[in-house]
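Colleague: Structural data only, the sequence is not supplied:
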């Protein structure tokens with residue numbers, strides 16, 4: 001779950017657990033119980049969302065492409081896909097010379113992903 005989505009979910013749970021007892025005119029004990037349940041749900045949601053899932057710079061997925069022996073790509077499709085990928089590689093190369101360090105880091109991540117894609121295309125049967 002992406003961080004903004006987790007935050008939105010947490011907000012909606014807390015809002016629902018706060019408004020429900022007030023709108024239904026429940027006793028104070030029920031209001032407190034609803035708040036505790038909401039807090040527990042929010043804790044579970046945020047605890048199960050790891051930083052590696054939300055922050056691309058922390059991802060450790062650098063695995064080499066694994067050739068699936070059943071994947072077969074025609075030479076025309078392979079050529080077309082490389083034609084689609086090439087402009088993205090050129091743009092990422094250009095961004096890797098940017099002054100901002102964050103832009104350079106993201107450009108390197110894009111280049112790594114495109115390299116993995118190209119390697120995957122090379123490893124597929126034709």
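Modeller: In hand now; what should we look at? Owing to the predicted nature of the structure, the values given are computational and were not obtained by experimental measurement. Numbering: from 1, shown residues only.

Colleague: Show me the shaky parts of the protein.
Modeller: Residue ranges of the chain with pLDDT under 70: 1-7, 39-71, 126.

Colleague: And it, split by domain according to the record?
Modeller: With domains defined by automatic domain parsing, the chain comprises 3-56, 61-123.

Colleague: any chance of the ones you listed in CSV, plus mean neighbour count?
Modeller: (Each C-beta comes from the backbone N, C-alpha and C, glycine too.) As requested, the domains of the chain are exported to CSV (neighbours: other Cβ atoms under 10 Å):
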stretch, mean neighbour count
domain 3-56, 13
domain 61-123, 13
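
Colleague: can you give me the strands for this protein?
Modeller: Per DSSP state E, the chain has no strands. Nothing in it meets that criterion.

Colleague: Which strands and helices lie in contact with the top helix by length along it?
Modeller: Identified as the longest helix of the chain according to DSSP state H is helix 101-123. Judged by 3 or more Cβ pairs under 8 Å, 6 or more residues apart in numbering; DSSP states H and E, helix 101-123 is in contact with helix 75-95.

Colleague: what helices or strands is the helix it packs on leaning on?
Modeller: Counting contacts by 3+ Cβ pairs under 8 Å, 6+ apart, helix 75-95 is packed against helix 101-123.

Colleague: Next, the angle from the helix it packs on to helix 75-95.
Modeller: Angle of helix 101-123 versus helix 75-95, following axes from the mean of the first three to the mean of the last three Cα atoms, to 10 degrees, is 160 degrees.

Colleague: Look up how far residue 74 lies from residue 88.
Modeller: Relative to residue 74, residue 88 is positioned 21 Å away (criterion: Cβ to Cβ, to the nearest Å).

Colleague: again with residue 31
Modeller: Here the criterion is Cβ to Cβ. By it, residue 31 lies 64 Å from residue 74.

Colleague: same deal with residue 85?
Modeller: Applying Cβ to Cβ, the value for residue 85 to residue 74 is 16 Å.
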